[in-house]
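K.L.:
compute the structure for the input listed below.
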Amino acid sequence: MQTLIENLSRDYFLAFTLKDSAELSRMFDETVELVDWEMNLHGRDAVMTNNQELFNSVGTIKVVPEIIAVYGLTAMAKILVEIDGIKLKVVDIITFNNLGKIIKLEAYKQ
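P.N.:
Now for the predicted structure:
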């Protein structure tokens, strides 16, 4: 299970880097919740709208996981996010359900 959750997390970071809205939508549970330092969103539609607005407003996004630790159905990842050349260090906590869908995303800027 640990390897599966780590792989699903890596797939999420890749889809985000590629701005692949279709893949991200497929990965999210209908009830997904996104919590970060700026917002708290509930539901796939709200999260996808937010993602699309971000994707449309920037040129490039690159997400590089440095460390991924897995506990049960939750992955904690130290990531480097680069948006149009601006680098951010972020810790993501991604919780999956038993079907492998993301039910909660928490992001903390370092």
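K.L.:
show me what contacts the closest residue to A69 other than its chain neighbours?
P.N.:
Excluding the flanking residues, the one nearest A69 by CB to CB, 6 or more residues apart in numbering is M76, at 4.9 Å. For the C-beta atoms, the positions are set from N, CA and C on the backbone; glycine is no exception. M76 makes contact with I68, A69, V70, V91, D92, I93, I94, according to CB atoms under 8 Å, 6 or more residues apart in numbering.
K.L.:
list the beta-bridge partners for M76.
P.N.:
Taking DSSP bridges as the rule, M76 bridges to A69, I93.
K.L.:
and the pLDDT for it?
P.N.:
On pLDDT, M76 comes in at 98.
K.L.:
mind listing the helices for the protein?
P.N.:
Under the criterion DSSP state H, the chain contains helices at 2-17, 21-27, 44-57.
K.L.:
quick one: which of those helices is nearest V63?
P.N.:
The closest of the helices of the chain to V63 is helix 2-17. By CB to CB, the value is 4.3 Å.
K.L.:
gap between the closest one and the chain center?
P.N.:
9 Å (CA atoms, centre = their mean, to the nearest Å).
K.L.:
look up how far M76 lies from N51.
P.N.:
From N51 across to M76, the span is 21 Å (CB to CB, to the nearest Å).
K.L.:
so what's S21 closest to, chain neighbours aside?
P.N.:
Nearest to S21 is Q52, by CB to CB, 6+ apart, at 5.9 Å.
K.L.:
much appreciated, bye for now.
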